[in-house]
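> Provided below are the primary sequence and the corresponding predicted coordinates.
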Amino acid sequence: MRFLFLLSLFPLVCFAQLWPTAATNVYNWTTFQKDPMGNFIYIGGESFEFNSLPIRYIVRWDGLNGVSLGNGVSGPVSDLEYFNNDLIVCGAFDSAGTIPASRIALWNGSNWQDLGLG
């Protein structure tokens, strides 16, 4: 069991080793989640820049480039989880993209959706 746990940490270790050389000006990231297909890592946290690109609290990283998720969210991100191939984003925000969203929102890969009161 311990071996399987350590093996599950391997992508995170690789991510941590690549991070300093792939991104600069990244501040206060607090959570990240790998997409189910393993192509991207979503990174959330407090306001930061990603390679001089202003990001609103969340970014998708492919190992080389950071991409904003629409207009991002209006406040810090504290947790990211996948559910049915959609990214669930939780944090201290009241909007996601251009829609009202109370502390929880869904990113379907191209648009934000409100998930009700969080």
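Yes, it's here.
> in the protein, which spans are strands?
For the chain, applying DSSP state E gives strands covering 29-34, 41-45, 48-50, 53-55, 58-61, 66-68, 77-83, 86-91, 95-96, 99-100, 104-107, 112-114.
> mind listing the strands the second one pairs with, and their directions?
Translated: strand 41-45. With DSSP bridges as the test, strand 41-45 is paired with strand 29-34 (antiparallel), strand 58-61 (antiparallel).
> first-to-last residue distance for stretch 60-79?
14 Å (Cα to Cα, to the nearest Å).
> quick one: buried residues of that stretch?
Arg60, Trp61, Gly66, Leu69, Gly72, Val73, Ser74, Gly75, Pro76, Val77, Ser78 (16 or more other Cβ atoms under 10 Å). C-beta: built from backbone N, CA, C; applies to glycine.
> show me the contact partners of it.
Stretch 60-79 has contacts (Cβ atoms under 8 Å, 6 or more residues apart in numbering) with 18, 22-23, 30-31, 39-47, 50-51, 53, 55-59, 89-98, 101, 105, 107, 110-112.
> out of those residues, which are buried?
22-23, 31, 40-45, 50, 55-59, 89-91, 93, 95-97, 101, 105, 107, 112.
> which residues touch the closest residue to Val89 other than its chain neighbours?
Distance criterion Cβ to Cβ, 6 or more residues apart in numbering; nearest residue to Val89, sequence neighbours excluded, is Ala105 at 5.2 Å. Neighbouring residues of Ala105 by Cβ under 8 Å, 6+ apart: Val73, Ile88, Val89, Phe93, Ala96, Ile99, Trp112, Gln113, Asp114, Leu115.
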